[in-house]
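K.L.:
Need coordinates for the following:
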Amino acid sequence: MWATTAIMDPAQRGSIQDTSVQATTQDGNSAGPPPPSTDASRETEFLLAKPPRTGAKTSRGTVSYLEMESTDDGDKTTAVPHAKLSQWPATAICGNDITSSCLYVIGVSISYSGMWSPVGLLLVAFVLYLYRGIYAEVGCALPLNGASYTLLLNTTTKVVSGLAACLTLISYTATAVVSAYTAVGYVIIAFYPDMTQLEVIAATIGLLLLFAVLNVIGITESSAVALFIFCVHMSTLVVLAVVCIVYTVRQPTVLINNWHSTTTTQNIASSIFFGFGAGMLGITGFETSANFIEEQQKGVFPKTLRNMWVAVAILNPLLSFLTLCTVPVETILTDETVQNAALAAAGGIAGGDWLRYLVSIDACMVLAGGVLTSYVGVTGLMRRMSLDRLLPQYFLQVNSWRGTNHWIVATFFLICSSMFVILFMLYGDAALNSLSGVYTIAFLSVMALFALGNFIMKYKRRRLPREIKAVRWTLFVAASGCLAALVANIIMAPHNLAWFAAYYVVTAIVVMIMYFRARFLKLVIFMIPKDWRFCVQSLVNYTHRINHQAYIFFAKDDDIELLNKAILYVRDNEITNNLKIIHIFREESEVPARIAHCCMLLDQMYPKMRIDFVGIKGEFTPDTLNRIS
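P.N.:
All right, here's what the predicted structure looks like:
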């Protein structure tokens, strides 16, 4: 709800210069002369002038005025603005994620709903259409990277946003594993049909390791490369669709036999319901665009949402129907290899080996890109959570070789590998269903929370300017669709919920320990015998270091109610007892008359916090904010 960040000592930056050390605050510290007061501030001044009562807290906070050093003399540290992404490069980056989902979702959807799979996928397209407006409104109101984590951080508490971020971490993990395993599955059906289970494990882990190494080296997504992959992928799917249509017109026997097949004994409603639940896996990646919204040109974000929706609404139902026109449904249900690579099987039947090879190569390329996207996405999210002190600080360490976060990459690789090995050893070739189930539960939970966050934003942050507004009933219907799909997935495979819960609980425990560690240490200090002085003093010093890190709040004016709300937010959500309220001004006459006095009054009102006021002469620009923080 409030933008806060840790502040570094200005002397370490060398970019802020103290210009005045004149007046004296209540604790005897020197500070710049505050602006003259007006009649409107007499009440505040009177309260400040009153001597503190016996035993009352005296102000520890200070008032100081600083001046930004000039950067006009060719300062090379000033950030150079980079070109932002236009519509199609931005669409390509997120489009590769969501359009690659058809490579594994179609076989899973048909296995649960048979001939009614296209209907379930059309319902998925309808729910996704509702989410277009929901995501667009949030992107217009809060154009910041981070998607659901940023939204909930600005509308709820830090604990809630941290728990939601755990869901996103599980989603990234399952994305990487499903993409890697499915890519290997397409290699098997096209080139190595006799691959043993041990070789499958080695190939999948090898692919995960390859992209871990590439991320440590520093190779991340390029918009030009992503656009090339996207064009190749879409062209391949169009060729596949055309060839399957021609095959169906010439030989409609497979479609007729599948229609009369008695393999699936469920009624129509159940088939559509479970097909819808499995088909929601096909929209994973829709949130990707919101994770790099700051890198997009103005107005591009809603267009990427539209483009992704059009691709999913057309491709997934169409390719599901064409797969049923070419591949016997009994084969999909009984052969796990065909189910894992249904489109390659359809291409091989309709067009021959050349099309099966083409689809398999395209699948490997696009799904490998999905693994890379997962590494890039999880690195950004874990860095953000570490900066917010929700994950251990060692994740922020970068290697001197390439300047990348090697601990994040290594940890993510180990988690992904463990998830795959455990599930594959237990379920064999059917592991894709379990992996997809874990993936879907995490993703649907994130989507439902996003709709909830939009509703809270409408209530709490209604004054935020936004060009697009989602109708309230769409929030309810979209969230209900996600919850219905979540229930369907749990009913289809209850054991997936157990695996999801195991990984989620471990992740959430780590986050909660990091968030409440200061309070936990205080409890430990209270319980330790006083005779253990060395141990007690060490814990006290460590707790002090945790709480001593300062956070900053940029204040526009001297509205004491607003300043008080900011302090309450920091007190309730941040791990600190030190807040610096900063006001940036160009001329001394522009400094609000009461702001320094209000800060000192608030410092006395909150005895467990130190509240400093810092006035900085300069321009309120991104470069200034970076140099301050």
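K.L.:
who's in contact with residue 157?
P.N.:
With contacts defined as C-beta atoms under 8 Å, 6 or more residues apart in numbering, residue 157 is in contact with 572, 573. (Each C-beta comes from the backbone N, C-alpha and C, glycine too.)
K.L.:
The one 4 residues further on too?
P.N.:
Under the criterion of C-beta under 8 Å, 6+ apart, the contact partners of residue 161 comprise 149, 152, 153.
K.L.:
Relative to residue 452, how far out is it?
P.N.:
As defined by C-beta to C-beta, to the nearest Å, residue 161 lies at a distance of 12 Å from residue 452.
K.L.:
Give me the helices and strands touching the helix or strand hosting residue 238, please.
P.N.:
Per DSSP states H and E: residue 238 is located in helix 223-250. The criterion is 3 or more C-beta pairs under 8 Å, 6 or more residues apart in numbering; DSSP states H and E, and the helices and strands that helix 223-250 contacts are helix 87-100, helix 300-326, helix 342-351, helix 353-387.
K.L.:
what comes up buried for it?
P.N.:
By neighbour count, with 16 or more other C-beta atoms under 10 Å as the criterion, the buried positions of helix 223-250 are 223, 225-227, 229-230, 233-234, 236-237, 239-241, 243-245, 247-248.
K.L.:
What mean pLDDT does it get?
P.N.:
For helix 223-250, mean pLDDT is 91.
K.L.:
Mind checking what helix or strand follows it in sequence?
P.N.:
Sequence-wise, the next helix or strand beyond helix 223-250 is helix 253-259, with elements assigned using DSSP H and E.
K.L.:
With only the CA atoms kept, save that next one in PDB.
P.N.:
What follows is helix 253-259, C-alpha atoms only, in PDB (Å, rounded to 0.1, in the frame of the first residue of the first chain):
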ATOM      1  CA  THR A 253     -13.200 -42.300 -40.200                       C
ATOM      2  CA  VAL A 254     -11.100 -41.600 -37.100                       C
ATOM      3  CA  LEU A 255     -13.400 -38.700 -36.000                       C
ATOM      4  CA  ILE A 256     -16.500 -40.900 -36.500                       C
ATOM      5  CA  ASN A 257     -14.900 -43.800 -34.500                       C
ATOM      6  CA  ASN A 258     -13.800 -41.500 -31.700                       C
ATOM      7  CA  TRP A 259     -17.300 -40.000 -31.500                       C
END
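K.L.:
for that helix, which positions count as buried?
P.N.:
Residues of helix 253-259 classed as buried by neighbour count (16+ other C-beta under 10 Å): 254, 258.
K.L.:
Also stretch 208-227?
P.N.:
Buried residues in stretch 208-227, defined by neighbour count with 16+ other C-beta under 10 Å: 208, 211, 212, 215, 216, 219, 221, 223, 225, 226, 227.
K.L.:
Rank the helices and strands of the chain by mean pLDDT and give me the bottom one.
P.N.:
Taking mean pLDDT, DSSP states H and E as the measure, the helices and strands of the chain show their lowest mean at strand 23-24, namely a mean of 32.
K.L.:
who are the neighbours in contact with the closest residue in space to residue 84 that isn't next to it in sequence?
P.N.:
Taking C-beta to C-beta, 6 or more residues apart in numbering, and ignoring the residues beside it in sequence, residue 84 has residue 297 as its nearest neighbour in space, at 4.6 Å. Contacts of residue 297 were listed using C-beta under 8 Å, 6+ apart, and they are 84, 85, 86, 87, 90.
K.L.:
nearest to residue 458, of those residues?
P.N.:
The shortest approach to residue 458 among the contacts of residue 297 belongs to residue 90, at 26.2 Å (C-beta to C-beta).
K.L.:
For that closest one, the count of nearby residues, please.
P.N.:
By the measure other C-beta atoms under 10 Å, the count of residues near residue 90 is 26.
K.L.:
Starting from residue 304, give me the distance back to it.
P.N.:
The span separating residue 90 from residue 304 equals 5 Å under the rule C-beta to C-beta.
K.L.:
Under a three-state scheme, what state does residue 467 occupy?
P.N.:
coil (DSSP: H, G, I helix; E, B strand; the rest coil).
K.L.:
Neighbours of the residue lying closest to it once chain neighbours are set aside, how many?
P.N.:
If you skip the residues right next to it in sequence, residue 467 has residue 140 as its closest partner in space, 5.1 Å away by C-beta to C-beta, 6+ apart. A total of 18 residues lie near residue 140 under the criterion other C-beta under 10 Å.
K.L.:
Just list the residues touching the spatially most central residue of the chain, thanks.
P.N.:
What sits nearest the mean C-alpha location of the chain, by C-alpha atoms, centre = their mean, is residue 146, with 4.5 Å. If a contact means C-beta under 8 Å, 6+ apart, then residue 146 has 153, 290, 291, 381, 384 as its contacts.
K.L.:
Any chance of the residues you listed in a markdown table with neighbour count, distance to residue 609 and pLDDT as columns?
P.N.:
Conversion of the contacts of residue 146 to a markdown table gives the following (neighbours: other C-beta atoms under 10 Å; distance: C-beta to C-beta, whole Å; pLDDT from 0 to 100):
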| residue | neighbour count | distance to residue 609 | pLDDT |
| --- | --- | --- | --- |
| 153 | 25 | 21 | 86 |
| 290 | 27 | 34 | 85 |
| 291 | 22 | 34 | 81 |
| 381 | 21 | 29 | 84 |
| 384 | 17 | 25 | 82 |
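K.L.:
now, among those residues, which is nearest to residue 552?
P.N.:
For residue 552, the nearest member of those is residue 153. The distance, counting by C-beta to C-beta, is 16.3 Å.
K.L.:
Quick one: work out the angle between the helix or strand hosting the closest one and helix 353-387.
P.N.:
When elements are assigned from DSSP H and E, residue 153 belongs to helix 148-155. Calculated by axes from the mean of the first three to the mean of the last three C-alpha atoms, to 10 degrees, helix 148-155 forms an angle of 30 degrees with helix 353-387.
K.L.:
State the mean pLDDT of the next helix or strand after helix 148-155.
P.N.:
Scanning the chain past helix 148-155 towards its C-terminal end, the next helix or strand to appear is helix 158-190 (assignment: DSSP H and E). The pLDDT scores in helix 158-190 average 85.
K.L.:
Are there helices or strands packed against the very next helix or strand once past helix 158-190, and which ones?
P.N.:
For helix 158-190, the following helix or strand on the C-terminal side (DSSP H and E) is helix 197-217. Under the contact criterion of 3+ C-beta pairs under 8 Å, 6+ apart, the helices and strands touching helix 197-217 comprise helix 158-190, helix 353-387, helix 406-427.
K.L.:
so how far is helix 197-217 off the chain centroid?
P.N.:
Once both centres are worked out by C-alpha atoms, centre = their mean, to the nearest Å, helix 197-217 turns out to sit 24 Å from its chain's centre.
K.L.:
related to what we said a few turns ago, return the residues in contact with the residue nearest to residue 467.
P.N.:
By C-beta under 8 Å, 6+ apart, the contact set of residue 140 is 301, 302, 465, 466, 467, 468.
K.L.:
Can you flag the buried ones in those?
P.N.:
Buried subset of the contacts of residue 140 (neighbour count, 16+ other C-beta under 10 Å): 301, 302, 466, 468.
K.L.:
returning to what we had before: can you add distance to residue 628 and give the contacts of residue 161 back as TSV?
P.N.:
Written out in TSV, the entries for these read as follows (distance: C-beta to C-beta, whole Å):
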residue	distance to residue 628
149	24
152	26
153	20
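K.L.:
Closest to residue 312 out of these?
P.N.:
Ranking these by separation from residue 312, with C-beta to C-beta as the measure, puts residue 149 on top at 23.6 Å.
K.L.:
shouldn't that closest one be in contact with residue 165?
P.N.:
Yes. Applying C-beta atoms under 8 Å as the test, residue 149 and residue 165 come out as touching, 4.6 Å apart.
K.L.:
Hmm, residue 363 and residue 341 touching each other?
P.N.:
Yes. Residue 341 is within contact range of residue 363, at 7.2 Å (criterion: C-beta under 8 Å).
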